[in-house]
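Student: Just the structure for this:
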Amino acid sequence: MLLSLVSLLSQGQISIIFPVPRAVIQRDNANQASLNIAGRIKNQVDRIEARLVPRTEQARLDTMMATSWQIVQQNPANFFSGTISVKGGWYNLQMRAIKGGVTIIDTLIVQRVGIGEVFVYVGHSNAQGGAYGQTGPDAIDDRVSCISVGKEPSCNGRVPFPPATISDSLWCNYLQTGDAQFLPVLTFSKVAKSAGIAPFCGLPWFWSIVGDSLSRKLNVPIMFYGTAFGGTKSEYWFKASQGILFDHSFINSAIKMPYINLKNVLQLYLPLTGIRGVLCLHGVNDRNDSQADIQTWMQGYIAQSRVDSKIPNLAWMIATDSYLLDHGLYPQPFPLKFEVRNAQAFVQSLPNNFQGPDLDVITDNNAGNPTSERPDGLHFGNQGLVSAANLWVNAINKPSFLKGSTPKLAQTFKVNSLQSGGWQKTESWDCNCFPQKYHSMTVKPGHIVQVDAIKTRPLNLILQGIINLNNKGVLGF
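Tutor: Down below sits the predicted model:
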């Protein structure tokens, strides 16, 4: 009878919403993190428990041990949400349900759950990748993750992008609007050419190599968010961060591109995963600008990122980069190289900022031939990608950064309203986030929240205030 009961209750009675495979959560400087776990359960139990078991991909298994069983939630009713404590590593999540001292659901498994280091990168084409069809390889290490957006779409070849049409992909809708509702949330993937790196980058570039090297050196999984936008410079990022319009042939400043990519990461993804810091690669496109202007612009968008994320000490690692060798592709003279380097050095010296790699040591070292590190005098070739990756790894791996920076950890899934406002407005909630299906939401007394023209399904809703459904808005459970 007991065996039959276990078999019956194990079939479809419990579902896990988070974590999902390949999710990576930021650890603290003591190599610890709290892992959010959320899901739904149909049968009545006394408690939900979970533990993490190291996977065989660990570089040093002797340093990794399974956690003990930890309580996620006592007496769950229809849903469960809680945390367990764990140190950095690459795991399988095991879960079970207990009733009357008997394990009645044993064991649901989520493969590949990571506690490690999370980065977002910003910059121009040498950060985004894809110049002249060039890119780095797929990640080799299984522990190098991203949120997948797929291959970059053509959007019918339209640049800049006009209003979205019914036939457009979600990514095309995002490119046309900058609206975070068109971005994937729980589609974690290994970094690969077929995956794309949310929210804006279609190729691994050198970041897969960075991830491979860091995962081996640190023995933890690595995750990237890609916000870089080819052809941009510090001026555009600053103006977009402040809502200042500017004219450009393919950058739509009306939707706050390119900065909106970073803002969406800060408010959509970081509450879920946390972050170590932002990796910044600008410079070559700033070479017609003065040191004072570059400093103002860089300080401006860095400061705005700390406002938008509500992380006053958000770490920024800033590369030194200004290299350009004219092969006739760039006829305009660039006399202000040292203005760029001096500006970058100044910004690197400010609080919570860190000195990144000096990428100017990567040069066109073979007269523009394909074997050169910068064959066109600017963008990295095959060897240049490896060199750039190694320089970034060396900078990131310094104790001055990994111990001197303060990571932002993932937030709790229990969210409260701060004020009346729109459901999809980050200022309505104390998480500074866009509500998702793994959140347990509470609308506080006196607050009126508008669900306007969207379909939303939180994990749970405690309604002490008022919800209004407008323009075919739908709220489900």
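
Student: what does the average pLDDT come to for the strand or helix carrying residue 39?
Tutor: Using DSSP states H and E, residue 39 falls within strand 32-41. For strand 32-41, mean pLDDT is 96.

Student: Next, work out how far apart residue 35 and residue 148 are.
Tutor: As for residue 35, its distance to residue 148 is 21 Å (criterion: CB to CB, to the nearest Å). For every residue, glycine as well, the C-beta is placed using N, CA and C.

Student: So which of these two has more stuff around it?
Tutor: residue 35 (24 against 19; other CB atoms under 10 Å).

Student: Was I right to think that one contacts residue 115?
Tutor: Yes. Using CB atoms under 8 Å, residue 35 is in contact with residue 115, at 6.9 Å.

Student: got any residues that touch both of the two?
Tutor: Counting by CB atoms under 8 Å, 6 or more residues apart in numbering, the contacts common to residue 35 and residue 115 are 25, 86.

Student: So residue 117, which state does it fall into?
Tutor: strand (DSSP: H, G, I helix; E, B strand; the rest coil).

Student: That one pairs with what?
Tutor: For residue 117, the beta-bridge partners are residue 222 (DSSP bridges).

Student: Please enumerate the helices of the stretch 51-200 of the chain.
Tutor: Using DSSP state H, counting those that start in this stretch, the helices found in the stretch 51-200 of the chain span residues 125-128, 170-177.

Student: what do you get for the stretch 301-450 of the chain?
Tutor: Using DSSP H, counting those that start in this stretch, the helices found in the stretch 301-450 of the chain span residues 337-348, 382-396, 399-402.

Student: ok, residues contacting the last one?
Tutor: Read it as helix 399-402. Outside helix 399-402, the residues that reach it (CB under 8 Å, 6+ apart) are 29, 276, 277, 315, 317, 354, 395, 396.

Student: ok, now with 7 Å
Tutor: Outside helix 399-402, the residues that touch it by CB atoms under 7 Å, 6 or more residues apart in numbering are 317, 354, 395.

Student: Could you export those as TSV, including distance to residue 468, neighbour count and pLDDT?
Tutor: TSV is the format used below for the contacts of helix 399-402 (distance: CB to CB, whole Å; neighbours: other CB atoms under 10 Å; pLDDT from 0 to 100):
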residue	distance to residue 468	neighbour count	pLDDT
317	44	24	98
354	46	21	98
395	50	20	98
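
Student: possible to save the residues you listed as TSV with distance to residue 287?
Tutor: Below are those laid out as TSV (distance: CB to CB, whole Å):
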residue	distance to residue 287
317	21
354	23
395	22
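
Student: pLDDT weak spots in this protein?
Tutor: Residues of the chain that meet the criterion pLDDT under 70 lie in 1-12, 58-64, 154, 156-168, 326-336, 477.

Student: How is it partitioned into domains?
Tutor: In terms of domains, the chain is parsed into 2-114, 115-402, 414-475 (source: automatic domain parsing).

Student: Serialize the ones you listed to TSV and add fields for distance to residue 408.
Tutor: Converted to TSV, the domains of the chain look like this (distance: least, CB to CB, whole Å):
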stretch	distance to residue 408
domain 2-114	7
domain 115-402	5
domain 414-475	11
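
Student: returning to that earlier point: with residue 93 as the reference, name the closest of the helices of the stretch 51-200 of the chain.
Tutor: Nearest to residue 93, of all the helices of the stretch 51-200 of the chain, is helix 170-177, at 27.9 Å by CB to CB.

Student: Show me which residues of that closest one are buried.
Tutor: The neighbour-count check on helix 170-177 (16 or more other CB atoms under 10 Å) flags 171, 172, 173, 174, 175, 176, 177 as buried.

Student: can you tell me which of those residues lies nearest to residue 291?
Tutor: residue 175 (33.2 Å).

Student: Report the separation between the closest one and residue 200.
Tutor: From residue 175 over to residue 200 (counting by CB to CB), the distance is 8 Å.

Student: what's the answer for residue 72, then?
Tutor: Noted for residue 72: a distance of 34 Å to residue 200, by CB to CB.

Student: can you tell me the distance between the two ends of stretch 396-408?
Tutor: One end of stretch 396-408 sits 16 Å from the other (CA to CA, to the nearest Å).

Student: Can you give me the buried ones in that stretch?
Tutor: Within stretch 396-408, the residues that count as buried by 16+ other CB under 10 Å are 396, 401, 405, 406, 407, 408.

Student: my read: the last one touches residue 272, true?
Tutor: Read that as residue 408. No. In this structure, residue 408 is not within contact of residue 272 by CB atoms under 7 Å, at 11.5 Å.

Student: Now render the buried residues of helix 170-177 as CSV, adding distance to residue 426.
Tutor: Below are the buried residues of helix 170-177 laid out as CSV (distance: CB to CB, whole Å):
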residue, distance to residue 426
171, 22
172, 24
173, 20
174, 17
175, 21
176, 21
177, 17
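
Student: if we can go back for a sec, what lies in contact with the strand holding residue 39?
Tutor: Contact partners of strand 32-41, identified using CB under 7 Å, 6+ apart, comprise 13-19, 25-27, 48, 50, 72, 76, 78-87, 97, 115, 409-410, 412-413, 438, 459.

Student: Check the gap between residue 106 and residue 442 for me.
Tutor: Applying CB to CB, the value for residue 106 to residue 442 is 32 Å.

Student: Those two: which has the busier surroundings?
Tutor: Remark: of residue 106 and residue 442, residue 442 carries more neighbours, 18 against 15, as counted by other CB under 10 Å.

Student: Return the residues in contact with residue 392.
Tutor: Residues near residue 392 by CB under 7 Å, 6+ apart: 210, 279, 357.

Student: ok, 6 Å please
Tutor: By CB atoms under 6 Å, 6 or more residues apart in numbering, the contact list for residue 392 reads 210, 357.

Student: Over to the one 3 residues further on?
Tutor: With contacts defined as CB under 6 Å, 6+ apart, the neighbours of residue 395 are 356, 357.
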